[in-house]
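*Asks:* predicted structure and sequence below. I'll ask about it afterward.
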2 protein chains.
Amino acid sequence: MGKVTRLICMKCGKSYDSCDHLVCPDCGLDGIFEVEYDYDQMRKSLDENPLRSRTEPSLFRYTDMLPVSQAPPGLLKSGWTPLYTFPRLNQAVGHECIYLKDDTVNPSGSLKDRASAVAISMAIEGGNPAIACASTGNAASSLAVLAASAGLNSYIFVPEKIPHAKLYQIGACAAGVFRVKGTYEDAFDVATEAIKRWGWYNRNCAINPYLVEGKKTCALEIFEQLDYNVPDWLVVSVGDGCIISGQWKAFRELKLLGQTSKLPRMLAVQASGCKPIVDACNASCDVSPVEACTIADSIRCGTPRNWRKAVKAVGDSGGAGVSVSDDEIIAAMLLLGRKAGIFAEPAGAAGFAGARKAIEEGIIGRDESVAVLVTGSGLKDPTSLEGAVEIADIPASVESVADYL
Amino acid sequence: MGKVTRLICMKCGKSYDSCDHLVCPDCGLDGIFEVEYDYDQMRKSLDENPLRSRTEPSLFRYTDMLPVSQAPPGLLKSGWTPLYTFPRLNQAVGHECIYLKDDTVNPSGSLKDRASAVAISMAIEGGNPAIACASTGNAASSLAVLAASAGLNSYIFVPEKIPHAKLYQIGACAAGVFRVKGTYEDAFDVATEAIKRWGWYNRNCAINPYLVEGKKTCALEIFEQLDYNVPDWLVVSVGDGCIISGQWKAFRELKLLGQTSKLPRMLAVQASGCKPIVDACNASCDVSPVEACTIADSIRCGTPRNWRKAVKAVGDSGGAGVSVSDDEIIAAMLLLGRKAGIFAEPAGAAGFAGARKAIEEGIIGRDESVAVLVTGSGLKDPTSLEGAVEIADIPASVESVADYL
């Protein structure tokens, strides 16, 4: 378990020793913290137990870099997902080597399992019998699934518009599911009040700073899987801004801990119909809320709560922000399917769509190494491909096959 | 690579040295083979490289027990899935210890990836540029996904009735998708003809005996994960009969190879609306085709092709067959969700439903160890839970949450 020493408000910069808060008492929901550890202790732990010697095939291989002491009994195995490269896919986008981090194979089918695993561990270690969140889907299904495995009750708040697959996955596992009339922001507000009233552990990643810690394990794994090297670029699809923040923190900590001297450049990818963070990155200004409109429901977040960390990650890393249209996202889904066999949901493929665009536009050099997060499974939102895939409807005769071929 | 020495027809008993055939030249589609290896060579290989020393985290840790020499480059990692036990789930069914083999986390979301991985390896090693199958969904999506990752073209034949998630997953990855007017059997017949005409590699598990070899890796893993022990019962949901055959073969081979002296009893589970193999097991007779009717589409197979091996597995192991209603399957899906966080499709939960029934009926003793295969993800067919899960539709106010709680 990493010893948390300070929480620093990303808005006002004030730091707190106590770890009781989730947000800055002065700044409220706007003042999301960053978690700081005793890095001397962490360095010592890494000396005694080097990354190369670790064998645990889940994100709990990094317990000494996380705010939790162990995996709760029963908790489904999350993380330690494969990193692939596919020659035919590289060829299709005219790049030497793109690595895909396949987080679709996590227990609930998305990267969010990494954050849920840490949240559930913290809730259990803190003695809280229940946990809750608001989510457009992946965080919610992840929480419902993992909490059930660890014997914790989960209360889930979802907006009206949520793909069926996610809704039923949540419904099958959660202790309570509330479909709130309105947007994600409405669901978020009701969840925040309910969490306060009933004392549930708050798994709203947008404000709970410890969840970014779970997400950072994805980058730690990429570092290990690239044989302890850092890629030139790390590409992440962005909604609330938490995933990209987690990746950037992982690399900064690896550097701080003497594991590497290099940092990657971060590419933030958003959908054209919902790109407040990309706009803020490119204009070097604060985020302004937008009306969100995109098929990529997992990053359809017009009022991102954790934007400060995301914008800072892009800026500090010398990175960039790009936006991709829904058509480009669908094209990326098909390319990932046909050339890599990875079936991603729209938000899961958006990162790859953005990488492709950044390569075409010369933002990413053709000789620069690129790792792309594939954040969620296409099984969560398969109808987004309706009309985009070719299905041959034929009578039961082989001649019809011949006609088609 | 295991050296295949003979193929034995399960119908007439004739054996063949040549491995060119998929079915017995005398018996046709009715004469499905069983694959025999040079077990002296295999024993030697296991002596030199014991199971305990192996580290490959996929089914290719068993290459010396399979008809293939290695994983093709790029092929997504299948197998080496977790084996869990959940105290709250055990309690709910009044049993000491049920182990769940979670094959929902395979790349395409089902156990079928094990068979596809072997089929694709054989096609590539045989120099065939294309591969095809007919399937009610899981085998098809598995083949499309894995073939794409290995750079092989796949042609997929599906029946009219197929859940959307599976259809789009296939459509995103396959080189060609044919939706055949009619039943699974119609799709199977057209696929068989097309495979013959165009010379594609035949991944129809129902007849290709090498695919059972891929499926057997699931039982090999369970043996390792139980610390080199065999459970008293292995519970498998049954459609065509291939999965249960593969599991039984794995244990028989482990015994033959001196790895264990014990064999498990096999419990075959089918849906009440489609139970030709369970009926044949209980009446000790041949299988008669039935009109299939169940929500469990992955085992909705009224004319099972590989029934001989399945019936023999149950009989030879001193096992049993049980059938479960659609309501019992849905109850099992919810129990797996709520108490284990495992979201299974109906056929994936049918095994657990059957285990529960067999425990209640005293077929499985309360002190006997039980391993249950969870064969496919609920994300593949989430609407089967429509009406079965409770969703609270509320306005955006915390008071509505209070009312509900």
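*Replies:* Received, thanks.

*Asks:* residue ranges for the strands of chain A, please.
*Replies:* A:4-9, A:15-16, A:33-37, A:83-84, A:98-102, A:130-134, A:153-159, A:176-180, A:201-202, A:233-237, A:265-271, A:320-324, A:370-374, A:392-394 (DSSP state E).

*Asks:* tabulate those strands (CSV), appending mean pLDDT and mean neighbour count.
*Replies:* Bear in mind the C-beta positions are built from the backbone N, C-alpha and C, glycine included. Converted to CSV, the strands of chain A look like this (pLDDT from 0 to 100; neighbours: other CB atoms under 10 Å in any protein chain shown):
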stretch, mean pLDDT, mean neighbour count
strand A:4-9, 94, 18
strand A:15-16, 93, 14
strand A:33-37, 95, 20
strand A:83-84, 98, 18
strand A:98-102, 98, 24
strand A:130-134, 95, 27
strand A:153-159, 95, 26
strand A:176-180, 95, 23
strand A:201-202, 95, 24
strand A:233-237, 98, 30
strand A:265-271, 98, 28
strand A:320-324, 98, 24
strand A:370-374, 98, 28
strand A:392-394, 95, 16
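
*Asks:* nearest to A:R305 among the ones you listed would be which one?
*Replies:* strand A:130-134 (10.5 Å; CB to CB).

*Asks:* what sits up against that closest one?
*Replies:* With CB atoms under 8 Å, 6 or more residues apart in numbering or on different chains as the test, strand A:130-134 has contacts from A:119-120, A:123, A:139-140, A:143, A:147, A:152-158, A:175, A:180, A:184, A:187-188, A:190-192, A:194-195, A:198, A:200-205.

*Asks:* hmm, try it at 7 Å
*Replies:* A:119-120, A:123, A:139-140, A:143, A:147, A:152-157, A:184, A:187-188, A:191, A:194-195, A:200-204 (CB atoms under 7 Å, 6 or more residues apart in numbering or on different chains).

*Asks:* how about A:R52: what's its closest non-neighbour residue?
*Replies:* Nearest residue to A:R52, sequence neighbours excluded (CB to CB, 6 or more residues apart in numbering or on different chains): A:Y228, at 7.4 Å.

*Asks:* got the contact list for the closest residue to A:R300 other than its chain neighbours?
*Replies:* Sequence neighbours aside, A:A292 is the residue nearest to A:R300 in space, at 4.7 Å (criterion: CB to CB, 6+ apart). Going by CB under 7 Å, 6+ apart, A:A292 touches A:273-274, A:300-302.

*Asks:* circling back: what about the residue nearest to A:R52, distance to A:K262?
*Replies:* 11 Å (CB to CB, to the nearest Å).

*Asks:* just to revisit the earlier point, show me which of the contacts of strand A:130-134 neighbour chain B.
*Replies:* Contacts with chain B within the contacts of strand A:130-134, counted by CB under 7 Å from any CB of the partner chain: A:A194.

*Asks:* which parts of stretch A:224-240 are buried?
*Replies:* A:224-225, A:230-231, A:233-240 (16 or more other CB atoms under 10 Å in any protein chain shown).

*Asks:* pLDDT score assigned to the residue nearest to A:R300?
*Replies:* Here the pLDDT value assigned to A:A292 is 91.

*Asks:* same check on A:C19?
*Replies:* 68.

*Asks:* cool, and the one 5 residues further on?
*Replies:* Note for A:C24: predicted pLDDT of 92.

*Asks:* ok, it - contacts?
*Replies:* Contacts of A:C24 by CB under 7 Å, 6+ apart are A:9, A:11-12, A:14, A:31, A:33.

*Asks:* can you put those residues in JSON lines and add distance to chain B?
*Replies:* Listed next are those as JSON lines, based on distance: CB to the nearest CB, whole Å:
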{"residue": "A:C9", "distance to chain B": "26"}
{"residue": "A:K11", "distance to chain B": "26"}
{"residue": "A:C12", "distance to chain B": "28"}
{"residue": "A:K14", "distance to chain B": "29"}
{"residue": "A:G31", "distance to chain B": "23"}
{"residue": "A:F33", "distance to chain B": "25"}
